[in-house]
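Chemist: Turn this into a structure:
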Amino acid sequence: MEFHIITLFPEMFESPFRGGMVGRAIEQRIIVVKPHPLRPFGLGKYKQVDDQPYGGGSGMVMRPEPIAAAIDAVMVENPALWRILMTPQGAPLTQAKVRELATRRPGLLLIAGRYEGVDERVRAMVDEEISIGDYVLSGGELPAMALIEAVARLQAGVLGNPDSIEEESFTTTLLEYPQYTRPEEFRGTRVPEILLSGDHGKIRAWREAQARKRTEERRPDLLGRRKP
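Modeler: Numbering: from 1, shown residues only. Modelled structure (predicted):
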């Protein structure tokens, strides 16, 4: 799967994806992460990409022409890419959306805005808008990285144990149950005896109960969305 990113700061994507599973996936050509610098598409001698907002206000707004030109340039070479604007105003990124992007889209083009946002007319140039949370960052690069990792790890061959995906938080709208490994006792806290019993039926029931309990305590809003 290919991930293309239009950004003013392509260098931000170099270090985060050098290590870990995404780095290995890139080395093995399972995925491609390719940032496209926006600045060369800027206007005039100084390659301007932003301007003051009509109607007044603080900050600067990214102009539509450079973004449109960059999108067109990328799409000419990759016409099947699904275009996503990373913005706090977008729909929340959920595990269901991650799975949809991972399985139904051959590749993604992520537009990372900056400053006070993008000209409203840019929204007509994308297929959807996505937010990673109800807070504001300085730009869309970090949200784009989060989306890339979430989608990349669902690609075949990226995870060492693909079965682990089915038991993670948000896969069933429940948070994941508590996990333990060696040693059996650490600083006075022991691993629950049920996990040492070898009774897989009882272990499954315990994990289901613990997942529900944790969700009730930490994210009760998720229980209302659970499928029967």
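Chemist: wait, what's in contact with the residue nearest in space to the middle of the chain?
Modeler: By CA atoms, centre = their mean, the chain has its centre lying nearest to residue 147, at 1.4 Å. Neighbouring residues of residue 147 by CB atoms under 8 Å, 6 or more residues apart in numbering: 84, 86, 93, 98, 101, 108, 110, 130, 132. In short, each C-beta sits where N, CA and C put it, glycine included.
Chemist: Which pLDDT value does the model give residue 172?
Modeler: Looking at residue 172, its pLDDT stands at 71.
Chemist: All further residue positions should be reported with the first residue as 710.
Modeler: Sure thing, new numbering starts at 710, so read that last one as residue 881.
Chemist: ok, it to residue 739 distance?
Modeler: 26 Å (CB to CB, to the nearest Å).
Chemist: try residue 746
Modeler: 25 Å.
Chemist: And for residue 834?
Modeler: Residue 834 sits 29 Å away from residue 739, going by CB to CB.
Chemist: Spit out the contact partners of the residue nearest to residue 748 when sequence neighbours are not counted.
Modeler: Sequence neighbours aside, residue 756 is the residue nearest to residue 748 in space, at 5.2 Å (criterion: CB to CB, 6 or more residues apart in numbering). Each residue near residue 756 by CB under 8 Å, 6+ apart is listed here: 748, 749, 750.
Chemist: Kindly provide the distance from the last one to residue 896.
Modeler: Relative to residue 896, residue 750 is positioned 56 Å away (CB to CB).
Chemist: Looking only at neighbour counts, state which of those two leads.
Modeler: Neighbours were counted for residue 750 and for residue 896 using other CB atoms under 10 Å; residue 750 has more, 20 against 5.
Chemist: Please look at that one and residue 773 and confirm they touch.
Modeler: No: contact criterion CB atoms under 8 Å: residue 750 and residue 773 do not qualify, at 11.1 Å.
Chemist: What is the nearest of the contacts of residue 756 to residue 730?
Modeler: Nearest to residue 730 among the contacts of residue 756: residue 748, at 30.7 Å, using CB to CB.
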